[in-house]
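Peer 1: prediction below, plus the sequence it came from.
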Amino acid sequence: MSDDRASESLAYYASHGPITDPALHAAAFAGLPADIRALTRAVQGLVFHYFADEKIFGWRPPKDRLPEIDTRRVRAMLARLAALDPRPLAEARPPERRLVDCCRDFTVLLCAMARHHGIPIRARVGFARYFIPDFHVDHEIVEWWDSGERRWRLVDPELSERHVAHYQIGFDPFDVPRNQFIVGGRAWQLCRTGAADPKTFGLAPDLPEPRGIRFVRGHVIQDLAA
């Protein structure tokens with residue numbers, strides 16, 4: 001890729017799209033640092049995974065909070081966060097005053113914060129190998145451009161220090177190895193060539209559906225769209 005094309009590509013990923021644009025809520029990003037690690041820590045204090053975080057924090061969201069999972073756009077996320085707790089976004093909230101969502105929303109909110117500072121970043125859809133032994137869990141994380149090292153680096157914004165300890169993560173969550181998070185297209189290649197068993201790709205090993213080659217194929221499309 002030429003330097004001009006590369007710069008154009010990075011500029012594209014540093015700008016907001018319809019999902020990450022905070023619109024009238026952009027002022028909420030004031031005071032946030034232009035640093036991926038710090039922004040990730042901020043996101044971890046704002047979002048609560050609707051089922052996976054219960055065993056980490058000991059709090060179960062009530063049923064009337066579960067519709068928050070369908071909050072798709074960042075502007076709506078910011079409005080809900082302000083309603084739950086008016087403090088600045090850099091201040092971590094207790095679990096009950098965080099947005100009840102899933103891995104996608106950790107990712108989308110981090111993308112919005114980073115793009116606010118002009119940092120090239122994008123969502124990646126695929127499968128994590130680090131939650132359950134010998135199983136590829138449906139997951140979504142971010143990929144940001146490290147200008148110092150001139151490479152795209154995978155970051156899992158859901159992995160706080162408490163998550164790292166709970167899941168016994170043996171790598172840096174701010175530089176996830178490519179063999180630990182398998183993007184959709186790579187998962188498809190591994191399954192089609194027989195290098196991986198499609199039955200080990202899904203939501204959880206104790207759930208028969210959705211999983212398998214059709215589920216992997218869907219992640220190819222979702223990753224491309226993301």
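Peer 2: Ah, there it is.

Peer 1: how many residues are close by the residue lying closest to Leu159 once chain neighbours are set aside?
Peer 2: Leaving out its chain neighbours, the residue that sits closest to Leu159 by CB to CB, 6 or more residues apart in numbering is Pro173, at 3.9 Å. From N, CA and C alone the C-beta is placed, and that goes for glycine too. For Pro173, the neighbour count with other CB atoms under 10 Å is 20.

Peer 1: try Leu10
Peer 2: For Leu10, the count of nearby residues is 15 (other CB under 10 Å).

Peer 1: where does it sit, in terms of helix or strand?
Peer 2: Leu10 is part of helix 3-13 when elements are defined by DSSP states H and E.

Peer 1: now the element after that helix, going C-ward?
Peer 2: The helix or strand immediately downstream of helix 3-13 is helix 36-44, counting by DSSP H and E.

Peer 1: quick one: contacts of that next one?
Peer 2: Helix 36-44 has contacts (CB atoms under 8 Å, 6 or more residues apart in numbering) with 32-33, 89-90, 92, 106, 109-110, 113-114, 119, 121, 144, 155, 157-158, 160, 174.

Peer 1: now with 7 Å, please.
Peer 2: Applying CB atoms under 7 Å, 6 or more residues apart in numbering, the contact partners of helix 36-44 are 32-33, 89-90, 106, 109-110, 113-114, 119, 144, 155, 157, 160, 174.

Peer 1: give me the low-pLDDT residue ranges for this protein?
Peer 2: For the chain, the stretches with pLDDT under 70 are 1-4.

Peer 1: output the lengthiest strand in it as PDB, nothing but the C-alphas.
Peer 2: In terms of residue count, the longest strand belonging to the chain (DSSP state E) is strand 136-146. Extracted C-alpha coordinates of strand 136-146, given in PDB (Å, rounded to 0.1, in the frame of the first residue of the first chain):
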ATOM      1  CA  HIS A 136     -13.500 -20.500  20.900                       C
ATOM      2  CA  VAL A 137     -16.000 -18.000  22.500                       C
ATOM      3  CA  ASP A 138     -17.900 -15.500  20.400                       C
ATOM      4  CA  HIS A 139     -16.300 -12.200  21.200                       C
ATOM      5  CA  GLU A 140     -15.600  -8.700  19.900                       C
ATOM      6  CA  ILE A 141     -12.600  -6.500  20.700                       C
ATOM      7  CA  VAL A 142     -10.700  -3.600  19.200                       C
ATOM      8  CA  GLU A 143      -7.700  -3.200  16.900                       C
ATOM      9  CA  TRP A 144      -5.900   0.100  17.100                       C
ATOM     10  CA  TRP A 145      -3.000   1.600  15.100                       C
ATOM     11  CA  ASP A 146       0.100   1.800  17.200                       C
END
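
Peer 1: cool, thanks, signing off.
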